[in-house]
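Undergrad: Pasting a predicted model and its sequence here:
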Amino acid sequence: MKALNVHVPRIHKISCTEYKEQFPGAEIYSEATREKYAKTLRAVDKTTNSYRQAMSKAKKGVPLPSLQGRKRTFTPEHCKAISDAKTGKPHASHSEETKRKISESNMGKTVVVSEETKKKISIANTGKKRTDATRKRLSEAKTQWHKDNPKRSKTVSDQLQQWYEEHPEDRAKNMALARSKSKYFNTKIEQKVEQLLKDLKVKYTAQRTIKELPEIYRFHHWDFLLPTKMIAIEADGCYWHGCSICHPERQDELKEEIDTAVLRDQAASKQGWTILRFWEHEVNEDFEHVAQVIEESLSERKVNHG
């Protein structure tokens with residue numbers, strides 16, 4: 001094979017003095033600092049973590065000359081180029097040890113978000129909806145976090161429970177306000193129940209409150225209310241409400257919500273309301289039974305109330 005006639009410049013080592021003469025005004029490390037780096041790194045393997053740790057330790061407290069007095073900024077074109085380059089590529093994940101260190105360093109810190117930033121986040125999320133798969137994944141991650149951090153989980157739970165006990169009216173009002181601002185829509189099982197009520201030609205209201213209840217339960221929105229019959233109907237999703245048949249693993253996580261629902265139903269019963277509660281699997285698998293229960297309740301109320 002014929003060798004290429006390529007000129008390769010000769011590389012030679014120069015001292016700090018020679019470097020300053022060739023590049024006047026350049027900021028470089030002193031001979032002592034360079035020797036310190038070389039001595040520290042000479043004994044380690046550059047492919048291991050010990051190399052990176054030694055580099056970090058050797059450079060600790062030494063500012064980078066190239067960044068002194070400069071603010072790092074990116075042009076819109078540069079930002080777009082970075083975004084395009086990362087599109088479709090998985091994000092780098094931290095090791096469990098790194099995650100633990102980050103978590104410990106952030107403990108006790110309060111992140112203050114400016115109103116301008118809050119507005120930008122709100123605008124960016126406008127119109128976006130999480131899929132059922134995403135909501136399920138987030139819920140499972142939350143459940144796993146509580147299992148992995150029992151002490152912190154208990155602390156957060158106790159603080160939240162204490163606030164609920166001290167501000168029952170505020171909690172209920174905040175929930176009602178949040179629901180009033182959101183766009184109401186029926187779930188699939190609620191649509192089935194609503195269509196049945198229409199076929200039966202029964203007057204009903206959807207997502208309304210019972211004002212006669214104690215204030216702690218007064219702001220709960222019932223799926224369907226039949227005011228003239230004093231009947232309240234709830235169609236509960238098995239996963240989100242912790243069905244003991246379909247999702248027994250969520251019983252512990254949703255214990256507070258389940259207990260609150262039982263107490264709320266009892267309070268409504270004391271006020272003369274009949275509570276009909278159906279699970280998602282009942283509506284989907286045996287809707288005839290659901291329809292029969294509703295029709296029988298209507299008949300009983302017709303006899304009792306005339």
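TA: Good, I have the coordinates. Quantities reported herein were computed from a predicted structural model and do not represent experimental measurements.

Undergrad: Can you list the neighbours in contact with the longest helix anywhere in the chain?
TA: In the chain, taking DSSP state H as the definition, the longest helix is helix 287-305. With Cβ atoms under 8 Å, 6 or more residues apart in numbering as the test, helix 287-305 has contacts from 192-193, 196-197, 200, 202, 226, 229-231, 233, 274, 276, 278, 282-283. Glycine gets a C-beta too; all of them are placed from N, C-alpha and C.

Undergrad: try it again with 6 Å
TA: Identification of contacts with helix 287-305 by Cβ atoms under 6 Å, 6 or more residues apart in numbering yields 196, 229, 231, 274, 278, 282-283.

Undergrad: By neighbour count, which of the residues you listed wins?
TA: Highest neighbour count within the contacts of helix 287-305: Val283, with 24 neighbours (other Cβ atoms under 10 Å).

Undergrad: so what's that residue up against?
TA: 189, 192, 290 are the contacts of Val283 under Cβ under 6 Å, 6+ apart.

Undergrad: ok, back up a step: what about the contacts of helix 287-305, which are in helices?
TA: 196, 282-283.

Undergrad: Make CSV from these and add pLDDT to it.
TA: Listed next are those as CSV, based on pLDDT from 0 to 100:
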residue, pLDDT
Leu196, 92
Glu282, 94
Val283, 93
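
Undergrad: Switch those residues over to a markdown table; also include distance to Leu213.
TA: Listed next are those as a markdown table, based on distance: Cβ to Cβ, whole Å:
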| residue | distance to Leu213 |
| --- | --- |
| Leu196 | 25 |
| Glu282 | 25 |
| Val283 | 25 |
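
Undergrad: Which one of those is nearest to Ser83?
TA: Val283 (44.7 Å; Cβ to Cβ).

Undergrad: Work out for me the element His94 sits within.
TA: Counting by DSSP states H and E, no helix or strand carries His94.

Undergrad: what about it, how many neighbours?
TA: 11.

Undergrad: Equivalent analysis for Ser122, please.
TA: 9.

Undergrad: So for it, what pLDDT did the model give?
TA: Looking at Ser122, its pLDDT stands at 84.

Undergrad: Could you do Ser15 as well?
TA: For Ser15, the predicted pLDDT is 65.

Undergrad: Check His12 too.
TA: pLDDT, His12: 49.

Undergrad: do His241 as well
TA: 90.

Undergrad: Then the one 4 residues further on?
TA: The model reports Ile245 with a pLDDT of 92.

Undergrad: Over to the one 5 residues further on?
TA: The score at Arg250 is 89. That number is its pLDDT.
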